[in-house]
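> Here is a sequence with its predicted model. Questions after.
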Amino acid sequence: MSKGNRKRLYDRVNLAGRELSASSVMFHSRAAEKFGLTVGDWRAWDIVLRHGPITAGRFSELTGLTPGAVTGLIDRLVAAGVARRVSDARDRRKVLVEAVESQSKDQEAGNLLFAPMLQATEKLYANYSDKQLRTIAEFMQRMAVLLQKQTGRLQSELPRGKRRSAQARRPAYTGIGRGSEAE
């Protein structure tokens, strides 16, 4: 493939990624609204669902937020009824954050909200071979790691006085991907 064709392919992949990102933000914004959460709180709840129960310190590492900002985030998730604080059974001095696993009306609404998306996604996956799906999964994992690194870079470039307020408003959710590292 010529250099020009390769560049056009890169551009096509980048544009597709931008469109996917924008569509994802819009979907998750609407889903968050159904639970009375901001999209940032919604994504943080997803971290608790996938990694919890976790300490506030670990939650801080995964979100990139300061401990004070994490306390506020946990307070909002608890107030929304999607998470709770529990004592660590091994060390009663520690408090863990875990997702609420009740079959409340909100939980039922969440199941109804995501069932059509999961069904549509599985139909889309059916168009790809197992090998292609493994490649797609690897790409997404590596892209998540790349984004985490770039988010950290952007955070570190903020002027010192703006870091804390920007961090509280826009968490740098890290720890999402578990695939190979991408540079």
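That came through fine. Numbers count the residues shown, from 1 in each chain.
> which stretch of helix or strand covers the residue nearest to the spatial centre of the chain?
In the chain, the centroid-proximal residue (Cα atoms, centre = their mean) is residue 43; its distance is 4.5 Å. Residue 43 is part of helix 39-51, with elements assigned from DSSP states H and E.
> I'd like the distance from that helix to the chain centre, please.
6 Å (Cα atoms, centre = their mean, to the nearest Å).
> What are the contacting residues of whichever helix or strand comes after that helix?
Remark: after helix 39-51, the chain's next helix or strand is strand 54-55, criterion DSSP H and E. Residues outside strand 54-55 that contact it (Cβ atoms under 8 Å, 6 or more residues apart in numbering): 48, 62, 88, 94-98. Every residue, glycine included, has its C-beta placed from N, CA and C.
> redo that, cut-off 10 Å
Contact with strand 54-55 is made by 47-48, 60-62, 70, 88, 91, 94-98, 175, as judged by Cβ atoms under 10 Å, 6 or more residues apart in numbering.
> for that strand, what is the average pLDDT?
Averaged across strand 54-55, pLDDT comes to 92.
> partner strands of it, parallel or antiparallel?
strand 95-99 (antiparallel) (DSSP bridges).
> and the strand it pairs with with helix 39-51, angle?
100 degrees (axes from the mean of the first three to the mean of the last three Cα atoms, to 10 degrees).
> quick one on the thing from earlier: mind checking which of the contacts of strand 54-55 are buried?
By neighbour count, with 16 or more other Cβ atoms under 10 Å, the contacts of strand 54-55 hold 47-48, 60, 62, 70, 96-97, 175 as buried.
> Could you pull out the helices in the protein for me?
3-34, 39-51, 56-63, 67-79, 105-125, 130-157, 160-169 (DSSP state H).
> before we move on, back to that, just name whatever secondary elements the helix holding residue 43 is in contact with.
helix 3-34, helix 56-63, helix 67-79, strand 83-87, strand 95-99 (3 or more Cβ pairs under 10 Å, 6 or more residues apart in numbering; DSSP states H and E).
> Any stretches of the chain with poor pLDDT?
Applying pLDDT under 70 to the chain flags residues 102-112, 160-183.
> 50 - rerun?
Low-confidence segments of the chain (pLDDT under 50): 103, 164-183.
> What's the local residue count around the nearest residue to residue 1 once chain neighbours are set aside?
Leaving aside its sequence neighbours, residue 1 sits nearest to residue 9 (Cβ to Cβ, 6 or more residues apart in numbering; 7.5 Å). Other residues near residue 9 come to 11 when the count uses other Cβ atoms under 10 Å.
> roughly how far apart are residue 9 and residue 87?
Separation of residue 9 from residue 87 (Cβ to Cβ, to the nearest Å): 53 Å.
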